[in-house]
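Student: Make a model of this:
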Amino acid sequence: MFLPSILLLLFHFPYQSLADQNTEKLNEAIHLLKLSQSLPEQQDDDILSYLKSHFITPTYVDNQLYLTSYDQAIQKPLDLLHQLADIPFIDAINTLGDLSLFGHYGVYQNATDAAYWYQKSSDLGDPIGHRMLGTLFATGLGVERNYAKALIYMSFAAVEDDPVAHQTLAYWHHAGIGMPKNCERALWHYQRVADLNLQEIKKGPPFGKNQLPITPRLDVQAGGLYGKGASGSGNPNIDSGDRVRQSDLLLLYRLQAEAGDAISQYTLGQFYYKGAANVPADYPKALKYFQSAAKQYPKNLHKLSPEETIEARQVAMAASQSAGYLGRMYWRGEGVDVDVEIARRWFERGVSQDNAMSYYGLALMTLDGIAGIEKDYKTGLHLLNEAAQLGSGEAKVYLAEELLKSQTKDWTKIIPLFESASKKGQVTSYYYLGKYYGYGYPGFKANCKSGLTFMKSFVERTSFHDYTSRNATTAYSYGYFQSALAQFIVAAERGYESGQINAAFLLDHNISPKHPTDLFKISTWNPFDVALPLYIRAANQGHVDARVKVGDIYFYGLLNQTEVEEKEKKDFHVTSLPHLIAQHFHPSIYQLNPDYPAAVAHYSAAAEGEHAHSSIAMFNLGYMYEYGLGVEKDYHLAKRWYDLAMTTNPGSYLPVQIANFILHFKWILKDLYARFNSVEKEEFIEFGIEEEDEEDMYRIQLLGTLLIGIGSLLIYVRHQLNQRLVLLNQRRQVIEGQMHAVNGNPVVETQHPIAETVQPNMETQPPETDTVNSDVAAGTMGDESAVGQDVQTPTTESVQKTPTNVFDVDEPDSLPPRDSNVDDNEQNGEEDNADVVDDDEYNS
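Tutor: Purely as a prediction, here's the structure:
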């Protein structure tokens, strides 16, 4: 009876010891890789900054990677990793695969080597090896692209409950990549990941684990895919101009904060606490500004007299909000040591000033009996109700979760609470709405597409186990474009719209790899072949400019058309100006084989989208109707599209005016041509011209276009001078309006995942509802539909107002004891030391 136990003990401890030793060696190898990339006399220098000035040459001996450079220290950890891989130690094998695929720590990037290591890991039955090998087959990195094999390996990893594999399969089922679309299967896979992420949030500090920062969009940082002011409506105050104005506004807030303005101090505190597109999170700075704002009004908010000015009330509101954040930061230890007593005092001050976050924080302390507060469930529920009434999304989710625990669930209270919290950007509510919308609840029929939208949004905002997008952003910021490209492509395969558009942006803007064959297993390198499916997937998730890019690729015929016969290429004759220009600038890849019907379909989807309209797509449609490319030639429709483009984007004034002048010039020219050549009136109306005269007509039109362009340029200069003062006045009014509009919540809240207006810089967006006939894009890629996903936007009934008292709890006789007249210095505790903060960046 005891023999099996004895044998287990004999074999278990040596095995555990060996595993621990291997893990220590692996950590040592990684540590040596880091040290080998930093100067001994400057250990504080960033590793990637140091790497930028060095070059490492690869050599191979017995199929093993060796690096030769002036710094041979990198060879020691690589040798150690190879020794561990020969044992075999699976973690070391996967590490070698990651180093080869992403080029971490200066290791030479070679996707073929990565496929070798991942194949070895997969043969040993490791789920990470299965998942990464499936990713390589799906993306074509290091191996021939094969979605059948990708599905097999990814399924093996999902069977082992690998969360990234579940997320990838969910997106493939959702988008129909390598398989038919299946909403139910996609929702099931997403929920498996969501359950793990929710557990991770619950294990976090008080208030739960913070959601991940949104991955920056490279196209937004560059001012849009088509340049500053051209994307979308082209309004510089809405699109690309926002990034510049945010920097100006931040500088203005800093100046105002230094002058003692409480609203600016609170606004800066939020900027540095949450982080923004150009402002990394910095808890010490946030603490400093919150403390400055809170000190501006330490009294009870109810003591404000009715005669107080609006400015005084705004100062009191900023102080109230800052008190809530200070209590949160002291309780969680963000930028300061944990001190629940000081946190409680800040919450009590915030409660006296009707702050929702303070009510919620004090409620959690009361429910758990923390910081000297007596544990009281009734009082805690009352405080939660107060917080929910004041708009706290966390409080609404907490109350809804409490209602779910009861045997008789009141769905008329539960669902409105989750819906209201989701509109406040509370991420946990996305999980519950995705679950109950997707599978239904008593009185509500299941709506899989609505549930899938919420569940996908929750998973992508809380994927704490996936660092790919964050590492890719870091690599790009230090100039390692090839490493960033590989990581963005991997993230794109998992359904991240930001990964899709960022990878396509790198390929499209000539930031492609210098040695593409080291990444992609393809015979002829054409970046558009790789960028096209990425643009298509981003467009299907609501990116309007990506839809226009897809149309451009088809319009110019930028794909490798291997199936086109040489005879067809030779006989194909194009005289339109854009194709002549494209042929001149892209002689090596331009095939002169455009797909005009597909281009028209995508341009139409971008121009007539439900959520956004592209002025670029409108202008392109006008051009295609003008020349009869993919559609029947129609000058009237051409002019209509040109005019719509200028109405949508006033910045297109010059090209639209030139195009309209050309249309009128053609009309007159064709009229004269018809008269002098005795063409019948019916032929004149149809604008018919003999083929042998087409080249002469083209030359005449080109000459007329040049003359018209000169005249239009003069008109445009005059127009711009008239508009200059108007734009300057508008910008000044916008900045002043934003300053005066700051009242309690100056930072934009996270958008609801099914909001009516789709924001282009969100990490997760609902799929674009515009659909295009898939027949026009047959031959794009074999893995998915080339056009918009036919996904219905979830519709919910009007959200009911949060009940005044969800649990019908009577107000307690007294709240937890508090001292409302605590001296500021005593309340701050260690705040005096925190007021002086080092300006170096703090990694949250």
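Student: Would you map the helices across the stretch 251-400 of the chain?
Tutor: Using DSSP state H, counting those that start in this stretch, the helices found in the stretch 251-400 of the chain span residues 262-274, 283-294, 310-332, 340-352, 356-368, 377-389, 393-405.
Student: Can you say which of those helices is nearest to Cys183?
Tutor: Comparing these against Cys183 with Cβ to Cβ, the closest turns out to be helix 393-405 (24.5 Å). From N, CA and C alone the C-beta is placed, and that goes for glycine too.
Student: got the angle for that closest one vs helix 377-389?
Tutor: With axes from the mean of the first three to the mean of the last three Cα atoms, to 10 degrees defining the directions, helix 393-405 sits at 130 degrees from helix 377-389.
Student: okay, the helices of the stretch 251-400 of the chain in CSV with distance to Pro597 and mean pLDDT next?
Tutor: Output for these, formatted as CSV (distance: least, Cβ to Cβ, whole Å; pLDDT from 0 to 100):
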stretch, distance to Pro597, mean pLDDT
helix 262-274, 46, 90
helix 283-294, 54, 93
helix 310-332, 55, 90
helix 340-352, 61, 93
helix 356-368, 54, 94
helix 377-389, 54, 94
helix 393-405, 47, 94
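Student: Send me stretch 206-217 as PDB with only the CA atoms.
Tutor: Taking Å, rounded to 0.1, in the frame of the first residue of the first chain, the C-alpha atoms of stretch 206-217 are listed here in PDB:
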ATOM      1  CA  PRO A 206      -9.100  47.000  -4.600                       C
ATOM      2  CA  PHE A 207     -11.300  48.300  -7.400                       C
ATOM      3  CA  GLY A 208     -10.100  45.500  -9.500                       C
ATOM      4  CA  LYS A 209      -7.200  45.200 -11.900                       C
ATOM      5  CA  ASN A 210      -6.900  48.100 -14.300                       C
ATOM      6  CA  GLN A 211      -7.700  47.500 -17.900                       C
ATOM      7  CA  LEU A 212      -4.800  47.400 -20.400                       C
ATOM      8  CA  PRO A 213      -3.900  50.600 -22.200                       C
ATOM      9  CA  ILE A 214      -5.100  50.900 -25.800                       C
ATOM     10  CA  THR A 215      -2.500  50.000 -28.300                       C
ATOM     11  CA  PRO A 216      -1.400  53.200 -30.200                       C
ATOM     12  CA  ARG A 217      -2.400  53.400 -33.800                       C
END
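Student: pLDDT below threshold where in the stretch 401-550 of the chain?
Tutor: Low-confidence segments of the stretch 401-550 of the chain (pLDDT under 70): 510-515, 517, 523.
Student: can you do 90?
Tutor: Along the stretch 401-550 of the chain, the parts satisfying pLDDT under 90 run over 406-409, 425, 442-443, 463-467, 470-471, 473-482, 507-529, 542.
Student: all helices in it, in order from the N-terminus.
Tutor: 411-423, 427-439, 448-461, 468-477, 481-493, 497-508, 527-540, 544-556.
Student: okay if I get these as CSV plus distance to Ser604?
Tutor: Listed next are the helices of the stretch 401-550 of the chain as CSV, based on distance: least, Cβ to Cβ, whole Å:
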stretch, distance to Ser604
helix 411-423, 32
helix 427-439, 31
helix 448-461, 23
helix 468-477, 32
helix 481-493, 25
helix 497-508, 21
helix 527-540, 13
helix 544-556, 9
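Student: and Asp195, which of the ones you listed is closest to it?
Tutor: Nearest to Asp195, of all these, is helix 427-439, at 8.5 Å by Cβ to Cβ.
Student: Just want the angle from that closest one to helix 393-405.
Tutor: Using the same axes, to 10 degrees: helix 427-439 against helix 393-405 is 40 degrees.
Student: helices and strands around helix 427-439, which ones?
Tutor: The contact analysis (3 or more Cβ pairs under 8 Å, 6 or more residues apart in numbering; DSSP states H and E) places helix 427-439 against helix 183-202, helix 393-405, helix 411-423, helix 448-461.
Student: May I have it exported as CSV, CA atoms only?
Tutor: Output in CSV follows, covering the C-alpha atoms of helix 427-439 (Å, rounded to 0.1, in the frame of the first residue of the first chain):
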residue,chain,number,x,y,z
VAL,A,427,-15.2,46.9,-18.8
THR,A,428,-16.5,44.1,-16.5
SER,A,429,-20.1,44.9,-17.6
TYR,A,430,-19.1,43.9,-21.1
TYR,A,431,-18.5,40.4,-19.9
TYR,A,432,-22.0,40.1,-18.4
LEU,A,433,-23.7,41.7,-21.3
GLY,A,434,-21.9,39.5,-23.7
LYS,A,435,-22.9,36.5,-21.7
TYR,A,436,-26.6,37.3,-21.2
TYR,A,437,-27.1,38.8,-24.7
GLY,A,438,-25.4,35.9,-26.3
TYR,A,439,-27.1,33.1,-24.4
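Student: hmm, who's touching that helix?
Tutor: Contact with helix 427-439 is made by 187, 190-191, 194, 197-198, 201, 208, 211, 393, 396-397, 400, 415, 418-419, 421-422, 444, 446-448, 450-458, 461-462, 750, 753, 794, as judged by Cβ atoms under 8 Å, 6 or more residues apart in numbering.
Student: next one: stretch 128-135
Tutor: Contacts for stretch 128-135 (Cβ under 8 Å, 6+ apart): 90, 93-94, 97, 101, 114-115, 118-123, 141, 149-154, 156-157, 160, 162, 164-165, 168, 490, 493.
Student: show me the contacts for Ile553.
Tutor: When contacts are counted by Cβ under 8 Å, 6+ apart, Ile553 touches 528, 531-532, 535, 559.
Student: Identify whichever of the helices of the stretch 401-550 of the chain lies nearest to Lys285.
Tutor: Nearest to Lys285, of all the helices of the stretch 401-550 of the chain, is helix 468-477, at 20.3 Å by Cβ to Cβ.
Student: ok, back up a step: for Val107, which of the helices of the stretch 251-400 of the chain is the nearest?
Tutor: Closest to Val107 of the helices of the stretch 251-400 of the chain, according to Cβ to Cβ: helix 283-294, at 33.3 Å.
Student: Spatially, what comes nearest to Trp525 if we skip its sequence neighbours?
Tutor: Spatial nearest neighbour of Trp525, chain neighbours left out: Pro516 (4.4 Å); criterion: Cβ to Cβ, 6 or more residues apart in numbering.
Student: Could you count how many residues lie near that neighbour?
Tutor: Counted by other Cβ atoms under 10 Å, the residues lying close to Pro516 total 16.
Student: list the contacts for it?
Tutor: 522, 525, 527.
Student: Write a PyMOL command that selects only the buried members of the residues you listed.
Tutor: A single PyMOL command is used to select the members of the contacts of Pro516 judged buried by 16 or more other Cβ atoms under 10 Å:
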select buried, resi 525+527
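Student: Give the buried residues for the helix or strand containing Lys76.
Tutor: Element membership of Lys76 [criterion: DSSP states H and E] is helix 75-85. With burial defined by 16+ other Cβ under 10 Å, the residues of helix 75-85 counted as buried are 75, 77-78, 80-82, 84-85.
Student: which one among these gets closest to Phe661?
Tutor: For these, the nearest to Phe661 is Leu78 (65.1 Å; Cβ to Cβ).
Student: isn't the closest one right up against Gly106?
Tutor: No. Leu78 is beyond contact range of Gly106, at 10.7 Å (criterion: Cβ atoms under 8 Å).
Student: For Asp282, see how far away the residue nearest to Gly327 when sequence neighbours are not counted is.
Tutor: Residue nearest to Gly327 in three dimensions, not counting chain neighbours: Trp346, with 3.6 Å by Cβ to Cβ, 6+ apart. According to Cβ to Cβ, to the nearest Å, Trp346 stands 20 Å off from Asp282.
Student: what about the two, which has more around it?
Tutor: Legend: neighbour count by other Cβ under 10 Å for Trp346 and Asp282, higher for Trp346 (32 against 22).
Student: my read: that one touches Met357, true?
Tutor: No. Contact criterion Cβ under 8 Å: Trp346 and Met357 do not qualify, at 9.9 Å.
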